[in-house]
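>>> could you work out the structure for the sequence below:
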Amino acid sequence: AFAAQVSRPQSADQGTREAMLLGRMALASRMGLAPLRSAFSPALGRPQGFGFQFAAQATRSAAAVPYPKTLSMRTDSLMAKCLIAAIIHFVPQDLVFLTLALMAAHGTASSISPSQKLPDAEAALEEFKAKKGLEEVKVVKGRTWKVAI
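Got it, this is the predicted structure:
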């Protein structure tokens, strides 16, 4: 009766075994070795070493995939229906908002630096250089001329 009181509780011993098993599984997955085979597997019979065996050849594991891949996507599923409903609901609102935001940005930019059509661009460039006191400027000619100082 005294020995039963002194012995360790069974739950602590079980927790240690579970921790060791988890450590072995993590080691096997990190090393890319064959999957861990349990001692209770009927194909193995007796356990060897620490209670598991490694296959002679390394196999591919699911750990090499950086993200989960969908096996199939049905068009009649709830996910597909929710995506379609979200697109129908949000895209028109977004288009209206983006159109108004672009119109506001264009209006602000046009009021800050309006473009003008000039009959003689060369004369206007010379007048600009004289007004600013510049000798040499880089001019990119095209539909609209751009001046870099």
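>>> may I ask which helix or strand encompasses Val147?
Using DSSP states H and E, Val147 falls within strand 146-148.
>>> got a list of contacts for that strand?
125, 128, 137-140 (Cβ atoms under 8 Å, 6 or more residues apart in numbering). C-beta here means a position set from N, CA and C on the backbone, and glycine is covered the same way.
>>> adjacent strands (with direction) for it?
Take DSSP bridges as the rule and strand 146-148 pairs in its sheet with strand 138-140 (antiparallel).
>>> average pLDDT for the strand it pairs with?
Averaging pLDDT along strand 138-140 yields 91.
>>> do the same with stretch 118-135
The predicted model gives stretch 118-135 an average pLDDT of 89.
>>> can you name the element that comes right after the helix ranked longest in the chain?
Looking across the chain with DSSP state H, the single longest helix is helix 78-112. Once helix 78-112 ends, the next helix or strand along the chain (criterion: DSSP H and E) is helix 121-132.
>>> and that next one, which residues are buried?
125, 129 (16 or more other Cβ atoms under 10 Å).
>>> what comes into contact with it?
118, 134-135, 137, 139, 145, 147.
>>> other SSEs contacting the helix or strand hosting Ser29?
Using DSSP H and E, Ser29 falls within helix 10-30. Taking 3 or more Cβ pairs under 8 Å, 6 or more residues apart in numbering; DSSP states H and E as contact, there are no helices or strands that helix 10-30 lies on.
>>> in CSV, list the C-alpha atoms belonging to it.
Extracted C-alpha coordinates of helix 10-30, given in CSV (Å, rounded to 0.1, in the frame of the first residue of the first chain):
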residue,chain,number,x,y,z
GLN,A,10,0.2,7.7,-14.5
SER,A,11,-0.9,11.0,-16.2
ALA,A,12,2.6,12.6,-15.9
ASP,A,13,4.2,9.5,-17.4
GLN,A,14,1.6,9.6,-20.2
GLY,A,15,2.3,13.3,-20.9
THR,A,16,6.0,12.5,-21.1
ARG,A,17,5.4,9.8,-23.7
GLU,A,18,3.2,12.0,-25.7
ALA,A,19,5.8,14.8,-25.7
MET,A,20,8.5,12.3,-26.8
LEU,A,21,6.2,11.0,-29.6
LEU,A,22,5.5,14.6,-30.8
GLY,A,23,9.2,15.4,-30.8
ARG,A,24,9.9,12.3,-32.9
MET,A,25,7.2,13.2,-35.4
ALA,A,26,8.6,16.7,-35.7
LEU,A,27,12.1,15.4,-36.3
ALA,A,28,10.8,13.0,-39.0
SER,A,29,8.9,15.8,-40.8
ARG,A,30,11.8,18.2,-40.6
